[in-house]
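Enquirer: I would like the atomic coordinates for the input below:
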Amino acid sequence: MGKTIIKNGLLIDGNGGEAQQEAIVVVEDNRIQYVGPENEYTVVGNETIVDAQGGTIMPGLIDTHVHMMLEFSSAADRLATPFSFMYYQAAKYLEKTLQAGITSVRDALGTDLGVKKAIDEGLIAGPRLQLSINALTITGGHGDGYTVSGRDMDLLPSGYPGMPNGKCDGVEEVRKKAREMLRAGAEVIKVHATGGVTSATDHPEFTQFSQAELEAIVEEGKFRKGIKVMAHAQGAEGIKNAVRAGVHSIEHGIFLDDEAIELMLEKGTYLVPTLLAPVGVLETAEEVGMPDTAVQKSKEVIEIHKASIAKAYQAGVKIAMGTDAGVVKHGINLRELGLMTEIGMSPMESIVASTKTAAECLGWEDKVGTIEAGKLADIIIVKGNPLDDISSLANNDTVQIVMKDGKVEKNLLN
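Expert: Numbering: from 1, shown residues only. Reported below is the predicted structural model:
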């Protein structure tokens, strides 16, 4: 691939320090070779030059909570859709996500190992994937598609090769189910520790799984070279059970209380707010046929959610950006950064949450998340200075260039 020099732009390297003027980034093959002052680098003359045209050079952004195999649709639409069609839809969702400037994601259920292989081998374009395969959930809890008619209507099919069903109850069942997910290729274990907004048979504050069950799940991950557990956890008691059990990250965190925040600080637990999720549910409810129960619960929690995340941020809890894309539309991921600033984070802090901290949450800090020599060349160029208007990133046309693994996947500068 040779060398590429990216120049003539403001550099935000993802570490949270001052943005740098007159810096360049040199990429060789798929890695960053040099970052620093332009006048300290000797140009050979055969490098490819990428002119940022006065924009901002940033690390590829990371969304730590997505569902790449789905975008919410009505029950009638799901019943009328052939099984294999979801893979062709997913290819478009993956492309939209990459075009938005997201070069790495943690999939929070629904994507199997074949999709990851297709991206890794270049069959389809998409962000780098960390898979959970499917989420573990209790019978009758968030993730159980049972309806009052007695029929199951899951958001995504499961029980097919490579996608185990996630329902399990009791310590021995959750151990076995965690092992099934790991066998299917899970790189992180996803568990529903509480009810949720979009499920019909529970409420976000309902506690799911005992602490003993959660501890068994965490233990299974530790047996497999330290695979972490991410917990959908919205109610305070379920959050505290998950944190005490050793869960690595809390997803959503709607009803955080002071004790939960203290526990998270003590354990070093990450928080993935997904502030966009209830906002997106309300915005698209009529269009996508969102159930009335989900609309009502979103209205109920939206302000509580903001207040909880603000309290956690002020206390110093580690925050990693995540959106719940799939529940909301794919490709609008970077709206989350504006929402994070609305609860008190600075624009730079929201960028760090989407780069350095997100990479640490995924355990990928050695290869992505910051623009540093030796790391993979995941780099984006955006119009203007996002520190002046972080909400500008919500417009995908603001993202001019997307480079993933040294390959330019989007270029609006030519």
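Enquirer: verify the stated contact: Gly16 with Ser354.
Expert: No: applying Cβ atoms under 8 Å, one finds Gly16 not in contact with Ser354, separated by 11.5 Å. Any C-beta I mention is one placed from the backbone N, CA and C, and that applies to glycine too.
Enquirer: doesn't Val115 fall inside a helix?
Expert: Yes: per DSSP: H, G, I helix; E, B strand; the rest coil, Val115 lies within a helix segment.
Enquirer: in contact with it, which residues are there?
Expert: By Cβ atoms under 8 Å, 6 or more residues apart in numbering, the contact list for Val115 reads Met68, Met69, Tyr87, Ala90, Leu94, Gly126, Leu129.
Enquirer: which helix or which strand is home to the fourth one?
Expert: For Ala90, the enclosing helix or strand under DSSP states H and E is helix 85-99.
Enquirer: for Asp378, give its distance to Ile133.
Expert: 24 Å (Cβ to Cβ, to the nearest Å).
Enquirer: between those two, which is the more surrounded one?
Expert: Asp378 (30 against 26; other Cβ atoms under 10 Å).
Enquirer: what does the model give the closest residue in space to that one that isn't next to it in sequence for pLDDT?
Expert: Excluding the flanking residues, the one nearest Asp378 by Cβ to Cβ, 6 or more residues apart in numbering is Gly60, at 3.2 Å. pLDDT for Gly60: 98.
Enquirer: and Cys168, by the same measure?
Expert: 97.
Enquirer: A helix includes Lys222, no?
Expert: Yes: counting by three-state DSSP, Lys222 is part of a helix.
Enquirer: so who does it touch?
Expert: Applying Cβ under 8 Å, 6+ apart, no residues contact Lys222.
Enquirer: where does it land on pLDDT?
Expert: Note on Lys222: pLDDT of 93.
Enquirer: picking up where we left off before, the residue nearest to Asp378 contacts Ile380, doesn't it?
Expert: Yes: assessed by Cβ under 8 Å, Gly60 is found in contact with Ile380 at 5.6 Å.
Enquirer: which neighbours do those two have in common?
Expert: Shared contacts of Gly60 and Ile380, defined by Cβ under 8 Å, 6+ apart, comprise Gly101, Thr103, Val402, Met403.
Enquirer: now whichever strand or helix holds the third one: how far from the chain's centre is it?
Expert: Right, the one you point to is Val402. Using DSSP H and E, Val402 sits within strand 399-404. A distance of 18 Å separates the centroid of the chain from that of strand 399-404, by Cα atoms, centre = their mean, to the nearest Å.
Enquirer: what's the first helix or strand after it?
Expert: Sequence order places strand 407-411 as the next helix or strand after strand 399-404, per DSSP H and E.
Enquirer: related to what we said a few turns ago, which one's more surrounded, Gly16 and Ser354?
Expert: Using other Cβ under 10 Å, the more surrounded residue of Gly16 and Ser354 is Ser354, with 31 against 16.
Enquirer: distance-wise, check the closest residue to the more buried one other than its chain neighbours relative to Ala80.
Expert: Take Ser354 and drop its neighbours on the chain: the residue closest to it by Cβ to Cβ, 6+ apart is Met321, 4.0 Å away. Look at Met321 and Ala80: by Cβ to Cβ, they are 34 Å apart.
Enquirer: equivalent analysis for Gln130, please.
Expert: Gln130 is 32 Å from Ala80, by Cβ to Cβ.
Enquirer: Leu123 now?
Expert: Distance, Leu123 to Ala80, using Cβ to Cβ: 27 Å.
Enquirer: so where do the helices sit in the stretch 301-414 of the chain?
Expert: Secondary structure of the stretch 301-414 of the chain (DSSP state H, counting those that start in this stretch): helices at 335-342, 347-353, 356-362.
Enquirer: for the last one, enumerate the helices and strands it packs against.
Expert: Helices and strands in packing contact with helix 356-362 are listed as strand 61-66, strand 102-107, strand 270-272, strand 318-319; criterion 3 or more Cβ pairs under 8 Å, 6 or more residues apart in numbering; DSSP states H and E.
Enquirer: chain center to that helix: distance?
Expert: 10 Å.
Enquirer: can you check the first one too?
Expert: Helix 335-342 sits 14 Å away from the centroid of its parent chain (Cα atoms, centre = their mean).
Enquirer: so which bits of that helix are buried?
Expert: Residues of helix 335-342 classed as buried by neighbour count (16 or more other Cβ atoms under 10 Å): Arg335, Glu336, Leu337, Gly338, Leu339, Met340.
Enquirer: excluding chain neighbours, what is closest to the fourth one?
Expert: Of all residues beyond its chain neighbours, the one nearest Gly338 is Ser391 (3.9 Å), with distances taken as Cβ to Cβ, 6+ apart.
Enquirer: how much space between that neighbour and Gly374?
Expert: Separation of Ser391 from Gly374 (Cβ to Cβ) stands at 33 Å.
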